[in-house]
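Asks: Predicted coordinates and the sequence they were generated for:
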2 protein chains.
Amino acid sequence: MSESSGKKGASRRQFLTSVAAVGAGAVAAGASRAATPDPLITEVQEWARATGDGVDASPYGLPIEYEGDVIRRNVEWLTADTISSINFTPIHALDGTITPQGCAFERHHSGAIALKKEDYRLMINGLVDQPLVFTYADLERFPRENHVYFCECAANSGMEWAGAQLNGAQFTHGMIHNMEYSGVSLRTLLEEAGLGAAGDLSDKWVYVEGADASSNGRSIPMEKALDDCLIAFKANGEALRKEHGYPVRLVVPGWEGNMWVKWLRRIEVMDGPVESREETSKYTDTLADGTSRKWTWVMDAKSVITSPSPQAPIAHGPGPLVITGLAWSGRGAITGVDVSLDGGISWQPARLAAPGQDKALTRFYLDINWDGSEMLLQSRARDESGYVQPTKAQLREVRGLNSIYHNNAIQTWWVKASGEAENVEVS
Amino acid sequence: MSESSGKKGASRRQFLTSVAAVGAGAVAAGASRAATPDPLITEVQEWARATGDGVDASPYGLPIEYEGDVIRRNVEWLTADTISSINFTPIHALDGTITPQGCAFERHHSGAIALKKEDYRLMINGLVDQPLVFTYADLERFPRENHVYFCECAANSGMEWAGAQLNGAQFTHGMIHNMEYSGVSLRTLLEEAGLGAAGDLSDKWVYVEGADASSNGRSIPMEKALDDCLIAFKANGEALRKEHGYPVRLVVPGWEGNMWVKWLRRIEVMDGPVESREETSKYTDTLADGTSRKWTWVMDAKSVITSPSPQAPIAHGPGPLVITGLAWSGRGAITGVDVSLDGGISWQPARLAAPGQDKALTRFYLDINWDGSEMLLQSRARDESGYVQPTKAQLREVRGLNSIYHNNAIQTWWVKASGEAENVEVS
């Protein structure tokens, strides 16, 4: 990219001095053209000479081949087997807030199963007036809702408890996606079965399980079950992918992804929690003294800078730089994000692309004039409950070093003068 | 689906009498089980016995094979060649408001071209202080915005002027999609080039053209160019598909899709419109007397019931039925949608899934108790400007029968007692 060679109008903002100045204006002012004429401007290109590809009727449209790098990725050494493994959303390469299903992370406990709509059944049993079994067609007859929610695996950033481990926002924070769900509220189906038999609802629970071999059973307090849980059959308008629980998954807004049971087959109303494997030996938070906290369902306020980051280095010299990232909270809407360039010594407010939405991703931007020196980039989110995202030191003070889940600490990227970035910890 | 056989709790709503009643409750009440036990409930299924597919790291995730029918479709006789043709979003099969890129309609004038980011250049010239050429990397350095907007082809529903022609919401109304765009405002780039040289801006225009062989040039009044137009490089978070103008397209919110120039290569500030092919012989509205209206850019308020519809018949008998559809307006937010079951004689307000957003799709629902008799289903949208979607008769009164573009008339589906639906006109 050549340096600007034209005389600037006095009123012009001259944001990027490196943008190429060309054409009649520059010539009229007697300025010389850029040293190396840009052949992409001065010659007629092939794509303007010939027709392109015709409209294709049938296949599902895919990203262009040049975006072949924007894909979910896994970490081979992380799990022993792919049937109980994870892959990560390429958040470093995305913008906006919606996660396309095609690159939304997956976590399976016993592999993804292929379940046809015709074979789908959902049972509601236990302390209900009338146990019921719903077909998929039955579910489509109940009043529907639409909501955008983030889904974050409890283990997102889990490797980072012990220190800076994984070099890239995709790997440190990519167990998250954000989609527009369409479905029926869980409350509607519970009321259809009737909760009179359950008596006082304040101490009741529902146990939810999937149709896959793991069943992935989880206990949910009745208060949450009757609040905002969704029996979802569409995400971003279309059917859920097989790997996301086609044809039906549970959506438990703001709570850890493990509870968003895929291939949902049964909901039992109970007088207590089941204390299943998934809520005792797994998905509990072991503290410094070896005891474990349980029922830590909510994903607290968190944020990460997606660019620049190790997989998205700065590709240009000093001057205007867009710093961007994502923020979210399981306790409601994000109300603000601060960004630090110096590892948390000083902070400045980022610009939210839109007002925070309830339990959904918020995109933030900070437009700076980069002086070309190294930075220790951090972001810090706060939510409508007043909660502020903690430092890793603050989190360790309470939780010790034994945890895997619920690491919502402030992340640091060391951006070097070269523009390359590394995952580091600051003390 | 078997009839309910259990005694109902008095408090229970009994929404679907046809949902199967099963299990301990029914047995304890002495009720007989459903006549034919459901093997999907009584037997352990293969998918609960064996592990499923492992986590796959690399490919872009695709819909499950059972959704192979939810695809864009074209109409072969509509155009002579696929390089200047159209395919349609399967709106009859989608829910919510976001359109996944994979099934978002396409319209090409000279085929879709494959343009690499490295080869991309955007020139701004004409009445600017300094003509400039931006690389893709340059564009990424300007402050970004995110907005959800619908994009509707001016010819959407065009075949319906003459009468009920195409049997399915996908074909009558599927030249529309709705995505979350990320990009730089056109105003920002125009100000970077400097508009001092243009003098009084109130009578200035910009001419925009694409890098494909058609160039698809269109003139846009400066007022709109400086209002809400976006130089977009992401849709629903990820790169635009090749067919949607990768790597950069223009977004002209609320205005006809033809102006949303793909593979955007040049923006010229001018002292008048170009009167290009795309705004004279095409994309003008021929009236009854043979004269044509031009500069009819805005897509007025419109709606359509997506289900039930010819491609989405009712698959069950009388009882609860979800009627759903989409509404939108190029003049701002949708404020309400009414639904008629009797061809426009009586109307009832539909429920909006969320408050209408500026120039974006709104999902509406009407939950009825269908008595099993035939219906003449219609929807009628109104927007924040006070505009109400017209009947086809009202539209013809003003516009005659010669038009192709800007048909925003109320659509009628004749739903028969069988649940099947047909595209019809009512007088």
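Replies: Right, received. Where do you want to start? Because the structure is predicted, anything quoted here is derived from the model rather than measured.
Asks: how many neighbours does residue A:54 have?
Replies: 18 (other CB atoms under 10 Å in any protein chain shown). The way it works is simple: take the backbone N, C-alpha and C, and place the C-beta from them, glycine included.
Asks: For it, list the residues it contacts.
Replies: Residue A:54 is in contact with B:81, B:82, B:83, B:85, B:108, B:111, counting by CB atoms under 8 Å, 6 or more residues apart in numbering or on different chains.
Asks: which among those end up buried?
Replies: B:82, B:83, B:85, B:108, B:111 (16 or more other CB atoms under 10 Å in any protein chain shown).
Asks: so can I have a markdown table of the contacts of residue A:54 showing secondary structure, pLDDT and distance to chain A?
Replies: What follows is these, written out as a markdown table (DSSP: H, G, I helix; E, B strand; the rest coil; pLDDT from 0 to 100; distance: CB to the nearest CB, whole Å):
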| residue | secondary structure | pLDDT | distance to chain A |
| --- | --- | --- | --- |
| B:81 | coil | 87 | 7 |
| B:82 | helix | 87 | 3 |
| B:83 | helix | 88 | 5 |
| B:85 | coil | 90 | 4 |
| B:108 | coil | 93 | 6 |
| B:111 | coil | 94 | 3 |
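Asks: give me phi/psi at residue A:297?
Replies: Main-chain dihedrals, residue A:297, degrees, to the nearest 10: phi -90, psi -40.
Asks: Am I right that it is in contact with residue A:258?
Replies: No - Residue A:297 lies out of contact with residue A:258 (CB atoms under 8 Å); the separation is 9.4 Å.
Asks: Check the buried ones among the contacts of residue A:54 and tell me the two furthest apart.
Replies: B:85 and B:111 (9.3 Å; CB to CB).
Asks: what about residue A:133, is that helix, strand or coil?
Replies: Here residue A:133 is strand, with the state taken from DSSP: H, G, I helix; E, B strand; the rest coil.
Asks: Leaving out chain neighbours, which residue sits closest to it?
Replies: Distance criterion CB to CB, 6 or more residues apart in numbering or on different chains; nearest residue to residue A:133, sequence neighbours excluded, is residue B:20 at 4.3 Å.
Asks: Count the residues that sit near that neighbour.
Replies: 27.
Asks: same check, this time on residue A:358
Replies: 16.
Asks: And it, how far from residue A:257?
Replies: Distance of residue A:358 to residue A:257, computed by CB to CB, to the nearest Å: 17 Å.
Asks: bridging residues for residue A:124?
Replies: Beta bridges link residue A:124 to residue A:132, residue A:267, judged by DSSP bridges.
Asks: which residues touch it?
Replies: Residue A:124 sits in contact with A:131, A:132, A:133, A:134, A:189, A:190, A:192, A:193, A:266, A:267, A:268, A:269, where contact means CB under 8 Å, 6+ apart.
Asks: Relative to the whole chain's centre, how far out is stretch A:351-367?
Replies: Chain-centre distance of stretch A:351-367: 13 Å, with CA atoms, centre = their mean, to the nearest Å.
Asks: what mean pLDDT does it have?
Replies: The pLDDT scores in stretch A:351-367 average 98.
Asks: is any part of it close to chain B?
Replies: Yes - Stretch A:351-367 comes into contact with chain B (CB under 8 Å from any CB of the partner chain), by way of A:351, A:353, A:354, A:363, A:365, A:367.
Asks: Pretty sure the fifth one sits against residue A:354.
Replies: No - between residue A:365 and residue A:354 there is no contact, the gap being 11.1 Å when judged by CB under 8 Å.
Asks: quick one: which of those two has more around it?
Replies: Using other CB under 10 Å, the more surrounded residue of residue A:365 and residue A:354 is residue A:365, with 20 against 15.
Asks: which residues touch that one?
Replies: When contacts are counted by CB under 8 Å, 6+ apart, residue A:365 touches A:322, A:323, A:324, A:350, A:351, A:353, B:143, B:144.
Asks: Secondary structure element for the first one, which one?
Replies: Read that as residue A:322. Residue A:322 is part of strand A:319-328, with elements assigned from DSSP states H and E.
Asks: Now do that strand: which elements does it pack against?
Replies: Helices and strands touching strand A:319-328, by 3 or more CB pairs under 8 Å, 6 or more residues apart in numbering or on different chains; DSSP states H and E, are strand A:176-185, strand A:302-307, strand A:334-340, strand A:362-370, strand A:375-383.
Asks: Show me what residue A:286 is bridged to.
Replies: Residue A:286 has the following beta-bridge partners by DSSP bridges: residue A:292.
Asks: is it true that residue A:401 touches residue A:286?
Replies: No - taking CB under 8 Å as the definition, residue A:401 is not a contact partner of residue A:286, at 9.6 Å.
Asks: Is stretch A:236-251 positioned near chain B?
Replies: Yes - Stretch A:236-251 is in contact with chain B by CB under 8 Å from any CB, via A:236, A:237, A:238, A:239, A:241, A:242, A:243, A:246.
Asks: Figure out the helix or strand that the last one lives in.
Replies: It refers to residue A:246. Assessed by DSSP H and E, residue A:246 sits outside every helix and strand.
Asks: what's the neighbour count on it?
Replies: By other CB under 10 Å, neighbour count at residue A:246 equals 25.
Asks: what does the first one give?
Replies: Using other CB under 10 Å, residue A:236 is surrounded by 31 other residues.
Asks: Correct me if wrong: it contacts residue A:177.
Replies: No - between residue A:236 and residue A:177 there is no contact, the gap being 9.8 Å when judged by CB under 8 Å.
Asks: end to end, how far does stretch A:139-148 reach?
Replies: 20 Å (CA to CA, to the nearest Å).
Asks: Could you pull up the mean pLDDT of it?
Replies: Average pLDDT, stretch A:139-148: 98.
Asks: and what of stretch A:370-388?
Replies: Mean predicted lDDT for stretch A:370-388 stands at 98.
Asks: before we move on, what about stretch A:269-285?
Replies: pLDDT averaged over stretch A:269-285 gives 95.
Asks: buried ones in that stretch?
Replies: So for stretch A:269-285, counting by 16+ other CB under 10 Å, buried means A:269, A:270, A:273, A:274, A:276, A:278, A:279, A:283, A:284, A:285.
Asks: Hmm, residue A:401 and the last one touching each other?
Replies: No - under the contact definition of CB under 8 Å, residue A:285 does not touch residue A:401, with a separation of 11.7 Å.
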